[in-house]
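Engineer: Here's a sequence, model it:
(chains A and B)
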Amino acid sequence: MIRFFNTLGRRMTEFTPIREGYAGMYTCGPTVYNYAHIGNFRAYLFEDLLRRTLEYHGIKVTQVMNLTDVDDKTIRDSRAAGIPLQTFTRKYKDAFFEDLRTLRVEPAEHYPEATSHIPEMLNMIRQLMDKGYAYQSDDGSIYFSIEKCRNYGQLVKLDFENQRIGDRVRSDEYAKDSVADFALWKAWDENDGDVKWDSPWGPGRPGWHLECSAMSRKYLGLTFDIHTGGVDNMFPHHEDEIAQSESANGCKFVNYWLHCEHLTIKGQKMSKSLGNFYTLRDLTAKGWSGAEIRYLLLGTHYRSKLNFDPDALGTARSALKKFHTLFARLNTVPAGDALLAEAKAASEAARAKFADGLADDLNIAEALATVHKFTKEVNGLLAKGAGHDAAVVLLDQYRDFDRVLAFLDVDSALEAADAPKQDVPAEILELAQKRAEAKKAKDFAAADALRAQINAAGWAVKDTPAGPELSKL
RNA sequence: GGCGUGAUGGUCGAGCGGCUAAGGCAACGGUUUGCAAAACCGGUUCUGGUGGGUUCAACUCCCACUCACGCCUCCA
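Structural biologist: Sure, this is the predicted structure:
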C-alpha cells in the first residue's frame, strides 16, 4: 500500500489511482527567465522521487511538467536584453533540461509550453465566460470571479474579509471586482512590446494559472491523480487552478495534492528576490557532481525544510565514495557460489523494506537506512568469503535501489575503478613507481621520502590491494 | 492580524504510548598496514525547546509558553 500526505484534507491517505496500475501526474515546472536555483531543483527532485517510487511499485506514470515561457518576468527580461521572447526563453529551457540531466531526473512524458497552448487556454476562457465564472474588466482583461466559485479555498484557509492587504494587491486591484479575483487573460499594454496573441476579447496574453488548467486537461484529462509543487504554490496558484478547472469542467480536478517544503539557506527561504541562492551550475563549477547534489537534496523528507549548507556536500561525497569502493570490491570477488543463498535472502529482505519505506509517503530516511544496513550485511558476507555468484546478486540489488535513488551509479563506479587514472602527471607516476620499488626493497626511509615528495607536489598516494593509487590533495 | 509547519545527540536526520531512541557524516577505539591512508569492525556522546496535563507508562497524545520558518496574489 502506498500512502501520501494529501494537502487536500491534510491527512495521510492511501493512494488509489483512478485507473489501476497507472498514475497521471502534473508537476508545476519552471518559469524560464533565468537559471533555476537548487531550491527549485529540490522540488523537481522530490517529483522525480515520487515518480520513481510509483514506478518501483509497478505503476506506469504519465507525468506532465509545464514550461512557463510567457509571463511578466520573461517579457521584462527578454525586452531588457533586446531579444525576442522565444529566443530568450529557448536558452533557459535548454539549460533547464541540461540541469535535469545533471541531477539524473527521469524525463517527464510531456513538457508543454504555455506559448504553444494558447488555443487550449482561450477555449477554457470561453467556457468560463459562457458559464458565468469570468468577466471582462474595463482594460480588456478577463478575470475569474471568486464569488461564483463556492468551493474556493480547498487547500488553504484564507479569510478574505480580514486580510492584511499588501502593496502588491493594491497596485493590481484597480480593474477587479474582488481582491482575490485573478486574471485569465491579460490585455496587452505597451510594456508587453510585441508579445501578444489575438483573442475574442482583444489582444493579450494568458494569465499564469490558466496554463496548468488547460494543459493538464489536454494531457491528463478532466480529473487526474496527482498534482505537485512547492508549498508556495498552494496559494494562490493551485487554489486558482482548482477554481478554474472545476468550474470549467464541472468535476473534480485532482485527487492527491503533494507539496514540497522549501530549501532554506541560513534558515531563510532560498529565492531569487532575496539573492541568497545557488544555481546548480554554481555547485558543479566548484567540482560537486550531480550525484552528490542529488544525494544531499533527496536526503531530507520532502515535507521538511531542508537547510542547505554547502559543506554538507562533503558528507555526500564521503558516503557515496564508500559505496563505490564496495562496488569495486564486489566486482573482483573470485568465482564460486559460496553464500549465494544468503546473498539472495539479504537482497530480497532489503528490497522489501526499501519499497515499504518509500511507499510510506516517500520516507527516504527509512529507505536509505535500509540501504546502509544492507551494506553492513554485504560487508559481512564478503568477510565470510562470498563468491562471485553472490557478489553478482548483491551488486544487482544496488542497481535495483538505484532505479529510485539514481546516485549510487553502480556501473559507472565499476568503470571508473577499471579505467586507469589518466590525469596524473608523468613525473608523479614516476615518483610513485620509484616508491613502490623502494617499498619492495624494504627501504622504507626512501619510500617515505618519495611519498613526501609526492605530497609536496600536491598528490596523495594510497596503497590499495590493487597497487598504489594517486589522488589530488 | 489570519493561517500553517517545526524544535531529537558534534552535525544531518528517522521511527515509536512501554524492548538498550534508526541510519549517514564527524570524532574515538580496534583489525589491517613497515608507518600511513583507504577499507572493515565496535562501543560511545543526548533523555528528546520550556512548563504543565492525561496515563500504570510519553520523545511519541493534550494545553500553554518561547523560539524559528513559511503563506496571505512574483516565487519550487
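Engineer: Following the record's annotation, map out the domains of chain A.
Structural biologist: A:3-269, A:320-418, A:426-472 (automatic domain parsing).
Engineer: Can you add mean pLDDT, distance to residue A:298 and mean neighbour count and give these back as a markdown table?
Structural biologist: Where you see a C-beta, it was placed from the backbone N, CA and C, and this is true even at glycine. A markdown table is the format used below for these (pLDDT from 0 to 100; distance: least, CB to CB, whole Å; neighbours: other CB atoms under 10 Å):
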| stretch | mean pLDDT | distance to residue A:298 | mean neighbour count |
| --- | --- | --- | --- |
| domain A:3-269 | 92 | 6 | 18 |
| domain A:320-418 | 94 | 6 | 18 |
| domain A:426-472 | 83 | 26 | 14 |
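Engineer: For RNA strand B, give me its nearest residue in the stretch 201-350 of chain A.
Structural biologist: residue A:230 (1.8 Å; CB to the nearest atom of the strand).
Engineer: coming back round to it: who wins for proximity to residue A:308 among the domains of chain A?
Structural biologist: Across these, residue A:308 has its closest neighbour in domain A:3-269 (5.1 Å, CB to CB).
Engineer: now the helices: where do they sit in the stretch 101-250 of chain A?
Structural biologist: For the stretch 101-250 of chain A, applying DSSP state H, counting those that start in this stretch gives helices covering A:118-130, A:167-172, A:208-220, A:239-249.
Engineer: which other residues reach the first one?
Structural biologist: What that stands for is helix A:118-130. Under the criterion CB atoms under 8 Å, 6 or more residues apart in numbering, residues A:114, A:134-135, A:142, A:144, A:184-185, A:197, A:199-201, A:206, A:210-211, A:213-215, A:217-218, A:244, A:247-248 lie in contact with helix A:118-130.
Engineer: let's go with 7 Å and repeat that
Structural biologist: Contact with helix A:118-130 is made by A:134, A:142, A:144, A:184-185, A:197, A:199, A:206, A:210-211, A:213-215, A:218, A:244, A:247-248, as judged by CB atoms under 7 Å, 6 or more residues apart in numbering.
Engineer: With stretch A:350-370 instead?
Structural biologist: A:1-5, A:12, A:49-50, A:53, A:56-57, A:298-299, A:301-302, A:371, A:374, A:397, A:400-401, A:404.
Engineer: okay if I get the domains of chain A as CSV plus distance to residue A:293?
Structural biologist: Shown next, in CSV, are those (distance: least, CB to CB, whole Å):
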stretch, distance to residue A:293
domain A:3-269, 7
domain A:320-418, 9
domain A:426-472, 20
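Engineer: what about residue A:460, helix or strand, and which?
Structural biologist: Assessed by DSSP states H and E, residue A:460 sits inside strand A:459-464.
Engineer: Given that strand, what are its sheet partners and their directions?
Structural biologist: strand A:467-472 (antiparallel) (DSSP bridges).
Engineer: and the strand it pairs with with RNA strand B, contact?
Structural biologist: No: using CB under 7 Å from any atom of the strand, strand A:467-472 stays clear of RNA strand B, coming no nearer than 7.7 Å.
Engineer: Just the CA atoms of stretch A:96-108, as CSV, please.
Structural biologist: Extracted as CSV, the C-alpha positions of stretch A:96-108 are listed here (Å, rounded to 0.1, in the frame of the first residue of the first chain):
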residue,chain,number,x,y,z
PHE,A,96,16.9,23.6,-17.5
PHE,A,97,16.9,20.2,-19.4
GLU,A,98,20.7,20.1,-19.1
ASP,A,99,20.4,20.6,-15.4
LEU,A,100,17.8,17.9,-15.0
ARG,A,101,20.2,15.5,-16.7
THR,A,102,23.0,16.5,-14.4
LEU,A,103,20.7,15.6,-11.5
ARG,A,104,19.6,12.4,-13.1
VAL,A,105,16.0,13.4,-13.1
GLU,A,106,13.9,11.0,-15.2
PRO,A,107,12.2,12.9,-18.0
ALA,A,108,8.5,13.6,-17.9
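Engineer: how far is it from where the chain is centred?
Structural biologist: 8 Å (CA atoms, centre = their mean, to the nearest Å).
Engineer: contacting residues around residue A:245?
Structural biologist: A:213, A:217, A:253.
Engineer: Also residue A:5?
Structural biologist: Residues in contact with residue A:5 (CB under 7 Å, 6+ apart) are A:12, A:303, A:361.
Engineer: re earlier: near RNA strand B, list only the ones from the contacts of stretch A:350-370.
Structural biologist: A:299, A:301.
Engineer: What about the contacts of stretch A:350-370, which are in helices?
Structural biologist: Applying DSSP state H to these, the entries found in helices are A:49, A:50, A:53, A:56, A:298, A:371, A:374, A:397, A:400, A:401, A:404.
Engineer: Can you add distance to residue A:27 and give the helices of the stretch 101-250 of chain A back as TSV?
Structural biologist: Listed next are the helices of the stretch 101-250 of chain A as TSV, based on distance: least, CB to CB, whole Å:
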stretch	distance to residue A:27
helix A:118-130	18
helix A:167-172	26
helix A:208-220	10
helix A:239-249	13
